[in-house]
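1. Structure for this input, please:
(4 chains)
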There are 2 protein chains.
Amino acid sequence: MSSINLKRLSEELGLSISSVSKALRDSYEISAETKKRVRAMAEKLNYQPNPFASSLRRKKSITIAVVIPEIANNFFALAIDGIQMIAQQKGYHVLTYLTHENFMNEESTIKHLQGGRVDGVLISLCRDTESIKHLTALQDTGIPLVFFDRVPEMMNCPTVTTDDYESGFKATEHLIKAGCKKIACLSLSSLLSITHKRMDGYKDALKKYKLKEDPKFIVECTNDNTANLELIKKLLSKKDRPDGIFSTVEKLSISTYYVCNEIKLKIPQQIKIISFSNLRTASLLNPSLSTITQPAFEIGKESASLLFRMIEKKTFGNRIDKIVLKSSLIERNSSK
Amino acid sequence: MSSINLKRLSEELGLSISSVSKALRDSYEISAETKKRVRAMAEKLNYQPNPFASSLRRKKSITIAVVIPEIANNFFALAIDGIQMIAQQKGYHVLTYLTHENFMNEESTIKHLQGGRVDGVLISLCRDTESIKHLTALQDTGIPLVFFDRVPEMMNCPTVTTDDYESGFKATEHLIKAGCKKIACLSLSSLLSITHKRMDGYKDALKKYKLKEDPKFIVECTNDNTANLELIKKLLSKKDRPDGIFSTVEKLSISTYYVCNEIKLKIPQQIKIISFSNLRTASLLNPSLSTITQPAFEIGKESASLLFRMIEKKTFGNRIDKIVLKSSLIERNSSK
DNA sequence: AAATTTTACGAAAACGTTTTCTCTATTTTT
DNA sequence: AAAAATAGAGAAAACGTTTTCGTAAAATTT
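-> Numbers count the residues shown, from 1 in each chain, chains lettered A, B, ... in the order given. Sure, this is the predicted structure:
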């Protein structure tokens, strides 16, 4: 730890600690000349203020927390990129916490954050978050909280999401127009609002085109990749297998590709696929993957911007923002 | 900020602040009975200690910093995953900083970290880091510092890397054995040690098989993606174009795929490709991409573990660890 | 029973800032 | 020229912990 502090600096300059502090904070109480002297000495001795003393006194951490299920995930990596961009502009630090889709991790992280370590929290819920007590508790302490993408269904809170219902509808409609009659839906967890909405779109599209909704075709996957492969394999190996797959998350479509390779199911001839995805290589896959692509980077930016508006109290009183961005459907060969 | 603190707790309990503090820290000076009472009350009032007061007093932040060029990058995302895993085990917080391959960002971030905000720093250098003054300055303050993957060449410091030279050699040898006579090498920046080493392996492999080294075939790319596409397009459009590509970073191989698609160059018939990469979809590409895959997650874990050994002073005196992990070459269709 | 040790707790200093209040010397206003 | 205002700086409290030191009372040893 850098042992050069205000006291040392003030001794070196023959000034009081408070004057040095004020000079560095550019207070009007200090003459221009003194400020210059102080700044020069601070530069010379490479003074770095102690962030803990400062945070303790000012009750400000200049830090935000980002709580996400996983990082090795294109969507979340891009979102963090956007968050970091805004945070950097504001001179804020970013603490990252991974829940690994584990509710207890999420709970303890959130609980810890009540200690005041951060000035605001950005969070995307984990797949098996069923209670929201920890979240309301955090909110009650007054720490600004913004949810993005995976938001709670039963809570009145600021959120940044995409048009999940419409996207689910359009994706399914796209498969139907491509000739699919039996469309399966791969989802992560029925507890998540994004899954609900995307699936509602899927169901309504089926309804609109008079296709019957088969519960066997709605596959809820787990957090275990090999188990998911088995589930998908089972789904696709049945004689009454689907001829279209709507995947609500990227990794399930990748698993589907693997399974199709393994059991020699031809995409798109025998089965068509469309998936939510932020893969940069979607167009290079064999065959190229049709995607609904969320503006992940913008989601990150918007969430962080909203959070900072709340931190800076620029958002009026009890107004609660719900920002919805648009995803884009990109047709490629997997659904031709 | 949670306004329930030790003072409030002590009043509630009819004890002194110091006793409450000691009780919560499980000091031998406090009776078992009192400890129980204190803990119960702390639980009841949902007491969360103020991290800044604690850090200020103990001169410990229980936080580490991770400084990386970018996050929307499979390698770094996986590395962070590994780092987070170890940090979580140790009960540490993780601050993430992105340099976006910009030296000035790296410099100011490192300088800021001298203020003692963290107990240790993990860093992977940005592509145009040419001076290491900021790094030695940080090291001189006594803050443990571990480099991973992109490490400085001229500095004696703890590092975690992979067998870059051998990987470069093997990748090139693999292309040669597949029949390539004119192999190009795509690199990010000649300032980086990983590029150097990978390229040295490439050059030595050429030498071993008596292929002449053509400077036109060593392409140093920039940080601008569209510019890179142009560079690669130019390289591949020449009549004297290469018949093999060794890409030292993932994104350049993806760009190469795009260019090949555009100018109708058939992989692997007309040009073979192998690339450093952590793409999960490598085997699903058209054609599947031969890769040298670094153990990114393990690199993260090893780096963090090493850092914590340094933080906990478990590493002896002036010993400097240099950990080298092995990458694996996975042959796929792009180099058949 | 006196002397010593142990147990259990409290008072207060310390960590390095920020900020409020106070004070003197100078400048401005009457 | 006296009164008032202002400029520039310092003293000290405060932020919430942790930790050192001190000290009664109880327990143990002589």
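
2. A:I267 reaches A:S290, doesn't it?
-> No - assessed by CB atoms under 8 Å, A:I267 is found out of contact with A:S290, at 10.1 Å. For glycine as for every other residue, the C-beta is placed from the backbone atoms N, C-alpha and C.

3. Identify the contacts common to those two.
-> A:I273, A:N333, A:S334 (CB atoms under 8 Å, 6 or more residues apart in numbering or on different chains).

4. Just put those in CSV and tack on secondary structure and neighbour count.
-> Output for the shared contacts of A:I267 and A:S290, formatted as CSV (DSSP: H, G, I helix; E, B strand; the rest coil; neighbours: other CB atoms under 10 Å in any protein chain shown):
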residue, secondary structure, neighbour count
A:I273, strand, 27
A:N333, helix, 17
A:S334, helix, 26
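
5. Flag every residue of the stretch 1-150 of chain A that's near DNA strand C.
-> Contacts of the stretch 1-150 of chain A with DNA strand C, taken as CB under 7 Å from any atom of the strand, map to A:3, A:5-7, A:17-18, A:21-22, A:24-25, A:29, A:47, A:49-50, A:53-54, A:56-58.

6. all helices of the stretch 201-336 of chain A, in order?
-> A:225-237, A:250-262, A:296-311 (DSSP state H, counting those that start in this stretch).

7. Identify the residue of the stretch 51-200 of chain A closest to chain B, quick one.
-> A:G115 (3.5 Å; CB to the nearest CB).

8. Can you tell me the SS state at that residue?
-> coil (DSSP: H, G, I helix; E, B strand; the rest coil).

9. Next, it: phi, psi?
-> phi -70, psi -10 (degrees, to the nearest 10).

10. hang on, the earlier thing: most tightly surrounded among the helices of the stretch 201-336 of chain A?
-> A comparison of the helices of the stretch 201-336 of chain A by mean neighbour count, using mean count of other CB atoms under 10 Å in any protein chain shown, puts helix A:296-311 on top with a mean of 23.

11. Confirm that A:A65 sits in a helix.
-> No - counting by three-state DSSP, A:A65 is not found in a helix; it is strand.

12. Now do it against DNA strand C, distance only.
-> 22 Å (CB to the nearest atom of the strand, to the nearest Å).

13. residues from the stretch 51-200 of chain A in reach of chain B?
-> When proximity is defined by CB under 8 Å from any CB of the partner chain, the stretch 51-200 of chain A lies next to chain B at A:51-53, A:55-56, A:59, A:61, A:63, A:70-74, A:77-78, A:80-81, A:84, A:88, A:93-98, A:111-112, A:114-117, A:137, A:141-143.

14. shouldn't the residue of the stretch 51-200 of chain A closest to chain B be in contact with B:F52?
-> No - the pair A:G115 / B:F52 is not scored as a contact, 9.4 Å apart, by CB under 8 Å.

15. does any bit of the strand or helix carrying A:A23 sit next to DNA strand D?
-> Here A:A23 sits within helix A:17-24, counting by DSSP states H and E. Yes - against DNA strand D, helix A:17-24 shows contacts by CB under 7 Å from any atom of the strand at A:I17, A:S18, A:S19.

16. Now that helix: buried residues?
-> Under the neighbour-count criterion of 16 or more other CB atoms under 10 Å in any protein chain shown, helix A:17-24 has A:S19, A:V20, A:S21, A:K22, A:A23, A:L24 buried.

17. I'd like to check what contacts it. Which residues are they?
-> A:6-7, A:9-10, A:13, A:15, A:29-30, A:34-35, A:37-39, A:42, A:49.

18. Going along the chain from that helix, find the next helix or strand for me.
-> Criterion used, DSSP H and E; the element after helix A:17-24 is helix A:32-44.

19. Touching, A:I311 and A:L145? I think so.
-> No - taking contacts as CB under 8 Å, A:I311 lies outside contact range of A:L145: 10.7 Å.

20. could you measure A:S247 against DNA strand C, distance?
-> Counting by CB to the nearest atom of the strand, the gap from A:S247 to DNA strand C is 50 Å.

21. which of A:I267 and A:S290 has more neighbours?
-> Just comparing A:I267 and A:S290: by other CB atoms under 10 Å in any protein chain shown the higher neighbour count belongs to A:S290, 26 against 22.

22. Who are the contact partners of A:K212?
-> Taking CB under 8 Å, 6+ apart as the test, what A:K212 contacts is A:L206.

23. roughly how far apart are it and DNA strand C?
-> Distance from A:K212 to DNA strand C, by CB to the nearest atom of the strand: 65 Å.

24. same deal with A:T226?
-> 50 Å.

25. Can I get stretch A:112-125 in PDB, CA atoms only?
-> Only the C-alpha atoms of stretch A:112-125 are listed here, as PDB (Å, rounded to 0.1, in the frame of the first residue of the first chain):
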ATOM      1  CA  HIS A 112     -23.300  -9.000   1.000                       C
ATOM      2  CA  LEU A 113     -23.800  -6.000  -1.300                       C
ATOM      3  CA  GLN A 114     -26.100  -4.500   1.300                       C
ATOM      4  CA  GLY A 115     -23.000  -3.700   3.200                       C
ATOM      5  CA  GLY A 116     -22.500  -0.600   1.000                       C
ATOM      6  CA  ARG A 117     -19.600  -1.800  -1.000                       C
ATOM      7  CA  VAL A 118     -21.200  -0.400  -4.100                       C
ATOM      8  CA  ASP A 119     -23.300   2.500  -5.100                       C
ATOM      9  CA  GLY A 120     -25.500   0.500  -7.400                       C
ATOM     10  CA  VAL A 121     -26.200  -3.000  -8.700                       C
ATOM     11  CA  LEU A 122     -26.800  -4.400 -12.200                       C
ATOM     12  CA  ILE A 123     -28.200  -7.900 -12.200                       C
ATOM     13  CA  SER A 124     -29.400 -10.600 -14.500                       C
ATOM     14  CA  LEU A 125     -31.100 -13.300 -12.500                       C
END
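
26. re the thing from before, which one, of the helices of the stretch 201-336 of chain A, ends up nearest to A:I194?
-> Across the helices of the stretch 201-336 of chain A, A:I194 has its closest neighbour in helix A:296-311 (11.7 Å, CB to CB).

27. Can you list the low-confidence ranges for chain A?
-> A:1-2, A:314-317 (pLDDT under 70).

28. So which residues of it form strands?
-> Taking DSSP state E, the strands of chain A run over residues A:63-68, A:93-98, A:120-123, A:145-148, A:159-162, A:183-187, A:218-220, A:244-247, A:272-276, A:290-293, A:322-325, A:328-330.

29. Distance to A:S255 for the ones you listed - can I get that in TSV?
-> Listed next are those as TSV, based on distance: least, CB to CB, whole Å:
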stretch	distance to A:S255
strand A:63-68	21
strand A:93-98	21
strand A:120-123	26
strand A:145-148	25
strand A:159-162	22
strand A:183-187	8
strand A:218-220	11
strand A:244-247	9
strand A:272-276	10
strand A:290-293	15
strand A:322-325	27
strand A:328-330	20
